[in-house]
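*Asks:* test case, fold it:
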Amino acid sequence: MTVTYVIDGSEVTGLERFWDVIGEAVNGPGGCFGRGLDSFADCLRGGMGTPDDGDFVIEWRDHALSARALSHDETARFLRGLSGRAHTSNLPRLREELAQAEAGRGPTLFDRLLEIIREETAPGTLRLL
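*Replies:* Residues are numbered from 1 along each chain as shown. The predicted structure follows:
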């Protein structure tokens with residue numbers, strides 16, 4: 001039986017709030033389902049609240065509201081936070097990504113989250129409503 005996890009896009013006001021919303025959607029009140037892009041990808045692979053057989057759907061309602069909250073501004077804020085603790089070999093790439101985000105170009109956090117979901121789950125798992 002397919003399990004459906006619902007993300008209420010109107011509740012996503014930034015990346016930190018997204019982690020809360022997805023955590024509660026999958027694991028109930030106060031639940032966690034990763035608090036970083038890499039850990040989110042790991043959780044989607046299984047064993048962190050989703051069915052072992054991978055038979056689940058992520059239904060992202062009001063996703064356009066989330067897309068606005070996870071736009072280039074939020075992406076730039078996120079990248080600024082990373083640059084303070086990134087390895088020096090990653091700084092040139094981070095600076096370029098930050099410049100792109102500040103200019104309103106390049107992938108947003110919303111785009112990255114969608115990409116992660118699509119890469120780590122079966123086709124059709126993500127439903128944008």
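*Asks:* Phe18 and Arg93, how far apart?
*Replies:* 23 Å (Cβ to Cβ, to the nearest Å). Placement of C-beta: from N, CA and C, glycine included.
*Asks:* so the two - more neighbours on which side?
*Replies:* The neighbour comparison of Phe18 against Arg93 (other Cβ atoms under 10 Å) goes to Phe18, with 23 against 10.
*Asks:* correct me, but the more buried one touches Ile116?
*Replies:* No: taking contacts as Cβ atoms under 8 Å, Phe18 lies outside contact range of Ile116: 11.6 Å.
*Asks:* quick check: mean pLDDT across stretch 63-81?
*Replies:* When pLDDT is averaged over stretch 63-81, the result is 98.
*Asks:* and the contacts of that stretch?
*Replies:* Applying Cβ atoms under 8 Å, 6 or more residues apart in numbering, the contact partners of stretch 63-81 are 7, 9-10, 12-15, 17-18, 60, 94, 97-98, 101-110, 113, 128-129.
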